[in-house]
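A.B. asks: Predicted model and sequence follow; I will ask about them next.
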Number of protein chains: 2
Amino acid sequence: MGTSRNQTAVTLAQVAEAAGVGESTVSRVLRNHGSYSGKTRDRVMTAVERLGYVPNRIAGTLASTGSRLVAFVIPSLSNIVFADVLRGAGATLEEHQYQAVFAVTDYDPAREEALVASMLAWRPAAVMLAGYEHTERTIKMLRAANCRVVEMLDVDGTALDLAVGFSNRAAGRASAEFLLKRGYRRIGYVGHDLDRDTRAGKRYSSFCETLSANGVPLADREIYREASSVERGRLGLDLLLARTPDLDAVYFSNDDMALGGYFHCLALGIVIPSQLAIFGYNGLDLGRVMPQALSTIRTPRVATGQLAAKLIVDNAPSQVIDLGFELIEGATA
Amino acid sequence: MGTSRNQTAVTLAQVAEAAGVGESTVSRVLRNHGSYSGKTRDRVMTAVERLGYVPNRIAGTLASTGSRLVAFVIPSLSNIVFADVLRGAGATLEEHQYQAVFAVTDYDPAREEALVASMLAWRPAAVMLAGYEHTERTIKMLRAANCRVVEMLDVDGTALDLAVGFSNRAAGRASAEFLLKRGYRRIGYVGHDLDRDTRAGKRYSSFCETLSANGVPLADREIYREASSVERGRLGLDLLLARTPDLDAVYFSNDDMALGGYFHCLALGIVIPSQLAIFGYNGLDLGRVMPQALSTIRTPRVATGQLAAKLIVDNAPSQVIDLGFELIEGATA
DNA sequence: CCATAAAATGGTAGCGCTGCCAAAAAAACT
DNA sequence: AGTTTTTTTGGCAGCGCTACCATTTTATGG
């Protein structure tokens, strides 16, 4: 009931007939492309209105050369990072009449491969991915496809075509340097699946290298082979401190994890930062609102999405753009 | 550089030629539809592999009757609620070879209208919306369109076709009854834009009605005409308490806002729940991890997405499904 | 071995639109 | 008024695929 399915939709040909003009004329008027007289436009628009015509973009895309679909293949929707990127890209794309389609990989390269294949079947104008780590077949497909590719949120590696983001290695290093400068010497790490979230992996390894280079190797670490979450952060810190109680600072793989650690300290009465310092990554808004502002690194996620979209609509030449990041001193480290 | 754009993609006709079979045979093999012999399948698949053929779904959709696109028109991506719904729907849709496309309304009915129009141009199999409140033109377009409609996350109203969710009115009532049962009598409210987020509006009005019906009218309220956020929750509680210091409980429009309120109490040393009780809505995971588990209502968001998708792939008849919710007593109220 | 059913295959007309080209109409000049 | 130029239009061939139907091939049965 409710909807009247099964009816056939109004076509451009019917509009043309109703308006008493040719099909191409209707097409021109509707796309505001080519020339037509004012009275013709009115007649067409009247017919469109009367018949309730909705152009069929499937047919339009097939007939014309380039599509206006942009395919996002992202690791997760629960992670606010990717939602921010999508939000940033959304406005620009919409403005230019592009349509976003998406699929979620759950940080699995094999799934990414399958989803990219599936996406390419829609002949998108561009495929937007997270980072540089893809399977060989994914890369091969992307190269063979007649579309742009944007790798987002990382610049440490070799881009396929376009890349927009920031250096996770530099972020890891900056975090380590900050903690060292503050005088912390017993530093631990609580993180999530580093093999799958390769950007977190880059931060971690760069963080460790910087510590070692300064003669303060990482004291201990607790890594879950799962997605990050507030809960994992809390549990991770609990385990870490049980094993190595004399830590004076902990670097978390991101702000969600750090918030979990913060809650753990609150619950146990561990005083931050004098007893234990906490440092995160992402610079989520909620970090600012915590009773003590979270020490973290703010990344330009929305800007990444915006710029990625802009490069596509402008058909910019291949390039890598590093948007940088901002270290937020906060009050937890 | 990088990608080799401008080349023309391999077509089904080329595969047919290379395999020495007819086009329809290739089509049948690829879709595993109709009958064909084992050796034919092998020859086709070999040709597909060798040429790197990727089927063109644009053409396929145009040629066949029904599309396999599902259009999500959602208020926000930053709000984890909608990300959860998408996540729930994603797996089911993917499994059945449906493709999700989406657009974000920012809680603006006029934008929703424009985006629905734009989405219908893709001739989706279904349009998935949040709630029942749409402009007249949106409703008209949806009725005229030859596609299913799913209104999600609400069941208080009249459905266009399918609806999956839970009762926001019942949730508001349950929250009020819980606080009353606990003995709170000076109850305040901190919320965000109720005109735009009509589901929050329904919870609020139902909450107030229940309080009044029990002779305990709402003592005070602080409502921002903006989107919800942790920060707004904190500021809102600050203002509310400045004006009405004797409140003994505060109902927040959602868990994000409640978390802000919680942070405010922590920062000011307000003891929860003895000095002030806090109650939220959504049942986010982080509520469980807080030093004191957040008292809130957990909604089946992922399940809503899953079921919505399932109804579409099963082509279920029009119906409204109430998935209910769960009140989490927690430790903050 | 031939009749009959079943399985496998190819040809082709669209799906609804856009892009190209030629034709018609209107405008701008001598 | 007769040209030339410019603007506006309509016709129609695809875009790459699927659906339908006709045909061929293979299996089945007496």
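C.D. replies: Looks like it arrived, so ask away.
A.B. asks: could you pull out the helices for the stretch 1-150 of chain A?
C.D. replies: In the stretch 1-150 of chain A, the helices defined using DSSP state H, counting those that start in this stretch lie at A:12-19, A:23-31, A:38-51, A:57-63, A:80-95, A:109-120, A:136-144.
A.B. asks: Mind checking if the last one is in reach of chain B?
C.D. replies: Yes. Among the residues of helix A:136-144, A:141-144 lie within reach of chain B under C-beta under 8 Å from any C-beta of the partner chain. Every C-beta, even on glycine, is put in place using the N, C-alpha and C of the backbone.
A.B. asks: ok, those residues vs DNA strand C, which is closest?
C.D. replies: Nearest to DNA strand C among the residues of helix A:136-144 next to chain B: A:Ala144, at 23.8 Å, using C-beta to the nearest atom of the strand.
A.B. asks: Tell me if I'm right that the closest one and B:Val10 touch.
C.D. replies: No. A:Ala144 lies out of contact with B:Val10 (C-beta atoms under 8 Å); the separation is 9.1 Å.
A.B. asks: excluding its backbone neighbours, what's nearest A:Leu276?
C.D. replies: Sequence neighbours aside, A:Ile270 is the residue nearest to A:Leu276 in space, at 5.3 Å (criterion: C-beta to C-beta, 6 or more residues apart in numbering or on different chains).
A.B. asks: Would you format the residues of helix A:136-144 next to chain B as JSON lines with pLDDT and neighbour count included?
C.D. replies: Shown next, in JSON lines, are the residues of helix A:136-144 next to chain B (pLDDT from 0 to 100; neighbours: other C-beta atoms under 10 Å in any protein chain shown):
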{"residue": "A:Met141", "pLDDT": "93", "neighbour count": "19"}
{"residue": "A:Leu142", "pLDDT": "95", "neighbour count": "21"}
{"residue": "A:Arg143", "pLDDT": "93", "neighbour count": "13"}
{"residue": "A:Ala144", "pLDDT": "91", "neighbour count": "16"}
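A.B. asks: before we move on, the earlier item: so the residue nearest to A:Leu276 versus DNA strand C, what's the distance?
C.D. replies: 63 Å (C-beta to the nearest atom of the strand, to the nearest Å).
A.B. asks: quick revisit: residues that sit against both of A:Ala144 and B:Val10, list them.
C.D. replies: B:Gly52 (C-beta atoms under 8 Å, 6 or more residues apart in numbering or on different chains).
A.B. asks: most neighbours per residue, which of the helices of the stretch 1-150 of chain A?
C.D. replies: For the helices of the stretch 1-150 of chain A, the largest average neighbour count (mean count of other C-beta atoms under 10 Å in any protein chain shown) is found in helix A:80-95, namely a mean of 22.
A.B. asks: Now do it, average pLDDT.
C.D. replies: Helix A:80-95 carries an average pLDDT of 94.
A.B. asks: tilt between that helix and helix B:80-95?
C.D. replies: Angle between the axes of helix A:80-95 and helix B:80-95 is 80 degrees (criterion: axes from the mean of the first three to the mean of the last three C-alpha atoms, to 10 degrees).
A.B. asks: Any idea how far helix A:80-95 is from the middle of the chain?
C.D. replies: From the chain centre to the centre of helix A:80-95 is a distance of 8 Å (C-alpha atoms, centre = their mean, to the nearest Å).
A.B. asks: export that helix as PDB, just CAs?
C.D. replies: Presented in PDB, the C-alpha positions along helix A:80-95 are these (Å, rounded to 0.1, in the frame of the first residue of the first chain):
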ATOM      1  CA  ILE A  80      34.500  10.000  14.100                       C
ATOM      2  CA  VAL A  81      37.600  10.600  12.000                       C
ATOM      3  CA  PHE A  82      36.000   9.200   8.800                       C
ATOM      4  CA  ALA A  83      32.600  10.800   9.600                       C
ATOM      5  CA  ASP A  84      34.500  14.100   9.700                       C
ATOM      6  CA  VAL A  85      36.200  13.500   6.400                       C
ATOM      7  CA  LEU A  86      32.900  12.600   4.800                       C
ATOM      8  CA  ARG A  87      31.300  15.700   6.300                       C
ATOM      9  CA  GLY A  88      34.000  17.900   4.900                       C
ATOM     10  CA  ALA A  89      33.700  16.400   1.400                       C
ATOM     11  CA  GLY A  90      30.000  16.300   1.400                       C
ATOM     12  CA  ALA A  91      29.300  20.000   1.000                       C
ATOM     13  CA  THR A  92      31.700  20.600  -1.800                       C
ATOM     14  CA  LEU A  93      30.600  17.500  -3.700                       C
ATOM     15  CA  GLU A  94      26.900  18.400  -3.300                       C
ATOM     16  CA  GLU A  95      27.600  21.900  -4.500                       C
END
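A.B. asks: all strands of chain A, in order?
C.D. replies: A:69-74, A:99-104, A:126-130, A:148-152, A:162-165, A:187-191, A:220-223, A:249-252, A:277-279, A:296-298, A:319-322, A:326-328 (DSSP state E).
A.B. asks: Check those for me: which has the lowest mean pLDDT.
C.D. replies: strand A:99-104 (a mean of 92).
A.B. asks: right, is that one up against DNA strand C?
C.D. replies: No. Counting by C-beta under 7 Å from any atom of the strand, DNA strand C has no neighbours in strand A:99-104; the shortest distance is 14.0 Å.
A.B. asks: counting contacts, what elements does that strand pack onto?
C.D. replies: Applying 3 or more C-beta pairs under 8 Å, 6 or more residues apart in numbering or on different chains; DSSP states H and E, one finds that strand A:99-104 makes contact with strand A:69-74, helix A:80-95, helix A:109-120, helix B:80-95, strand B:99-104.
A.B. asks: so which of those gets nearest B:Val302?
C.D. replies: Taking C-beta to C-beta, helix B:80-95 is the member of these nearest to B:Val302, at 3.8 Å.
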